[in-house]
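> okay, structure incoming, though there's no sequence with it:
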């Protein structure tokens, strides 16, 4: 089994698409007229799969937080390069931190137009892609 993607309800589809495209995502498909609204499938350049589905349905009212999603996490090769790229595209990020200590990951946070928090993570040298049991032992 594998997690396929996370669906995020958004209030303004064009504004959200602009944000996620500036953050590095590409829209690889759109499904119009579903019972849930318009579905836009996004993927990152180094990921072979869709990881976010933006769900836009104006009939359901405004999108908002409090639906149970805490945050998303994006792995980056270089946090400094990612932050510089985001800043050039008008996306403000929080200052980088080392929540796991000096030997841990470097992280920073951005917030999308609907208030969803996104953690950017640069693993230390030698760390495998993603998280495994080894991260908790």
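Looks like it arrived, so ask away. Because the structure is predicted, anything quoted here is derived from the model rather than measured.

> what comes up buried for the strand ranked longest in the chain?
Determined from DSSP state E, the single longest strand within the chain is strand 26-34. For strand 26-34, burial by neighbour count (16 or more other Cβ atoms under 10 Å) applies to no residue. Any C-beta I mention is one placed from the backbone N, CA and C, and that applies to glycine too.

> quick one: the strands in the protein, in order.
With DSSP E as the criterion, the chain has strands at 6-9, 26-34, 37-43, 52-56, 71-75, 106-111, 117-122.

> what angle do the fifth one and strand 117-122 make?
Counting by axes from the mean of the first three to the mean of the last three Cα atoms, to 10 degrees, strand 71-75 lies at 20 degrees to strand 117-122.

> mean pLDDT and distance to residue 18 for the strands of the chain - can I get that in CSV?
Output for those, formatted as CSV (pLDDT from 0 to 100; distance: least, Cβ to Cβ, whole Å):
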stretch, mean pLDDT, distance to residue 18
strand 6-9, 90, 15
strand 26-34, 92, 11
strand 37-43, 93, 12
strand 52-56, 92, 11
strand 71-75, 89, 17
strand 106-111, 95, 14
strand 117-122, 92, 15
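
> could you dump those strands to TSV with distance to residue 84?
Output for these, formatted as TSV (distance: least, Cβ to Cβ, whole Å):
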stretch	distance to residue 84
strand 6-9	25
strand 26-34	20
strand 37-43	22
strand 52-56	23
strand 71-75	15
strand 106-111	11
strand 117-122	12
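
> residue 99: which of the ones you listed is closest?
Nearest of those to residue 99, taken as Cβ to Cβ: strand 106-111 at 5.9 Å.

> give me the domain ranges for this protein.
Following automatic domain parsing, the chain resolves into domains at 1-58, 70-127.

> for residue 135, find the nearest of those.
Closest among those, using Cβ to Cβ: domain 70-127, at 8.4 Å.
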